[in-house]
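> fold the following, please.
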Amino acid sequence: MTSEKKMRQFKTEGIIIKRRDIGEADRLLTVFTKDQGKITVRASGVRRITSRRAPHTELLTHSMLNLHQGKVMPTLTDIQPIQGFQEIKSDLMKVGFAYHLCELIDGLCPEYQEHASVFHLFKNTLTRLSFADNIAEVVHEFEIELLTILGFYRSETYQPNMDTHSFIEQILERRLRSKRLFPRLS
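Alright, predicted model coming up:
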């Protein structure tokens, strides 16, 4: 295999945070990866009934992705699931909170900028959320830690009753969609 071909093929670990159907059988996946940050990946043919990759391209799936770097964006060639977070997916309230975490990652993290510490925070928070009783507290801690890692907030000025949603909406310059869908986030 030539070195140019090796450079066009790569493998990365990531969690799917967003997906959008395109064409008749394809899907665009937004994946937050360990070593490249947030990337958009084309998953060709995954909406076909016969696709073996389809179940592994669902939201909140932690996977190892094999990708081919195309001219515009990487294309998914293979995917091996690591963790599906079924405990979250079987509880509507937890799904709502997990969607909120995905919206924050998508809105606050730029594309193709490595944030290994954010990846670990996200993965660990999803694991905690899977088994947590006090979901709102887990999410609030995630928000504070995410804002601190990304440099939007200094932990030494921590206020326990801080309205993180208003603060994040000021940064994003738009309202959070998950806040409207799940009033309990307010």
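> before we move on, what SS does the residue nearest to F10 when sequence neighbours are not counted have?
Spatial nearest neighbour of F10, chain neighbours left out: L67 (5.6 Å); criterion: Cβ to Cβ, 6 or more residues apart in numbering. To be clear about C-beta, it is placed using only N, CA and C from the backbone, and glycine gets the same treatment. Three-state call for L67 (DSSP: H, G, I helix; E, B strand; the rest coil): strand.
> count the residues that sit near L67.
Using other Cβ atoms under 10 Å, L67 has 24 other residues around it.
> right, and it touches I79 too?
No: counting by Cβ atoms under 8 Å, L67 stays clear of I79, with 9.4 Å between them.
> and L104, helix, strand or coil?
Following three-state DSSP, L104 is assigned to helix.
> burial count for the residue nearest to it when sequence neighbours are not counted?
Counting by Cβ to Cβ, 6+ apart, L104 lies nearest to L146, which is 6.2 Å off, once chain neighbours are set aside. Neighbour count of L146, defined by other Cβ under 10 Å: 24.
> mind listing what's buried in the host helix or strand of L146?
In this structure, L146 sits in helix 135-149 according to DSSP states H and E. Buried residues in helix 135-149, defined by neighbour count with 16 or more other Cβ atoms under 10 Å: I135, V138, V139, H140, F142, E143, I144, E145, L146, L147, T148, I149.
> from the residues you listed, pick the one nearest I22.
Comparing those against I22 with Cβ to Cβ places L146 closest, at 28.9 Å.
> tell me the pLDDT at the closest one?
You'll see L146 listed with a pLDDT of 96.
> now do it against M64, distance only.
24 Å (Cβ to Cβ, to the nearest Å).
> next: R175.
Look at R175 and M64: by Cβ to Cβ, they are 35 Å apart.
> before we move on, back to that, how far is the helix holding L146 from where the chain is centred?
In terms of Cα atoms, centre = their mean, to the nearest Å, the centre of helix 135-149 is found 15 Å from the chain centre.
> helices and strands around that helix, which ones?
Other helices and strands packing on helix 135-149, by 3 or more Cβ pairs under 8 Å, 6 or more residues apart in numbering; DSSP states H and E, are helix 92-108, helix 116-131, helix 164-172.
> which parts of the first one are buried?
The reference is to helix 92-108. Using 16+ other Cβ under 10 Å as the test for burial, helix 92-108 gives 94-105, 108.
> with just CA atoms, put the longest strand seen in the chain into PDB.
Looking across the chain with DSSP state E, the single longest strand is strand 9-22. In PDB, the C-alpha atoms belonging to strand 9-22 read as follows (Å, rounded to 0.1, in the frame of the first residue of the first chain):
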ATOM      1  CA  GLN A   9      -7.500   5.600   5.100                       C
ATOM      2  CA  PHE A  10      -7.700   6.200   8.800                       C
ATOM      3  CA  LYS A  11      -9.300   4.900  11.900                       C
ATOM      4  CA  THR A  12     -10.700   6.900  14.800                       C
ATOM      5  CA  GLU A  13     -12.800   6.400  18.000                       C
ATOM      6  CA  GLY A  14     -15.900   8.500  18.300                       C
ATOM      7  CA  ILE A  15     -19.400   9.000  19.600                       C
ATOM      8  CA  ILE A  16     -22.200   9.900  17.100                       C
ATOM      9  CA  ILE A  17     -23.800  13.200  18.200                       C
ATOM     10  CA  LYS A  18     -25.900  14.100  15.200                       C
ATOM     11  CA  ARG A  19     -27.200  12.600  12.000                       C
ATOM     12  CA  ARG A  20     -29.000  13.800   8.900                       C
ATOM     13  CA  ASP A  21     -30.400  11.800   6.000                       C
ATOM     14  CA  ILE A  22     -29.300  12.800   2.500                       C
END
